[in-house]
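Colleague: Below is the structure, and that's it, no one-letter string:
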């Protein structure tokens, strides 16, 4: 057993679990299971703490261009794929994750459904749509294309960004994501181009709406260059 503290692995470990929580960890000769408990023998395997994925996009699947995010499939299809991706993440050892950008409220659903016994998934900090400026990272289409279930939510100016944050908190996200620069796949913004002002980033994250503080909602940001995105280090 590897306990994650840096200590040497413990051979022949006994790990009693009571009420869904580990109650003790020691060698099997020191911690004997009660007679009435169910014993699971994993002596041929390694037991370790669950891993945490801090940058998870459950809604992403086989992406080669921006249209693969949110035009190639209807949102219902993407929801099912996100559920499968979350279950796969759990099966490979990640017991917690933070979703950092999705379509609609997919991540909120994936977070809540395990409690209802509908889905197997890691404990999830749910994100919403990526809040993007016009021509920024997640503003991927021309004005002639209307996509109400897109990955991005366009907001310009501090008050518009604040409104977008409030909308997402209203619908139950655990963290919001803003863009400070483009990315390699952005059609209108280069990855080294700052796309949000310092004021927009500050009102979304540092000062933030009162709802964010009251509900413990965090803010994360995408930024590729520290020098050109001066707010990146301060508002993550």
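Modeller: On my side now, so go ahead. Please read these numbers as outputs of a predicted model, since none were measured by experiment.
Colleague: just checking, next helix/strand downstream of the helix-or-strand element of the chain with minimal mean pLDDT?
Modeller: One helix or strand of the chain scores below all others by mean pLDDT, DSSP states H and E: helix 210-215, with a mean of 66. Once the chain leaves helix 210-215, the next helix or strand it forms, by DSSP states H and E, is strand 218-222.
Colleague: Partner strands of that next one, with direction?
Modeller: strand 175-179 (parallel) (DSSP bridges).
Colleague: Distance from the chain centre to the partner strand, please.
Modeller: 10 Å (C-alpha atoms, centre = their mean, to the nearest Å).
Colleague: From residue 44, how far out is the residue nearest in space to the middle of the chain?
Modeller: The centre of the chain sits closest to residue 99, judged by C-alpha atoms, centre = their mean, with a distance of 1.3 Å. To residue 44, residue 99 is 34 Å away according to C-beta to C-beta, to the nearest Å. For glycine as for every other residue, the C-beta is placed from the backbone atoms N, C-alpha and C.
Colleague: circling back: check contacts around the residue nearest to the centre of the chain.
Modeller: With contact taken as C-beta atoms under 8 Å, 6 or more residues apart in numbering, residue 99 is in contact with 56-58, 107, 110-111, 124-127, 175.
Colleague: same for the longest helix seen in the chain, what does it pack against?
Modeller: As assigned by DSSP state H, the longest helix anywhere in the chain is helix 75-91. In terms of contacts (3 or more C-beta pairs under 8 Å, 6 or more residues apart in numbering; DSSP states H and E), helix 75-91 is packed against helix 106-112.
Colleague: Could you pull up the mean pLDDT of the helix it packs on?
Modeller: Per-residue pLDDT values across helix 106-112 average out to 96.
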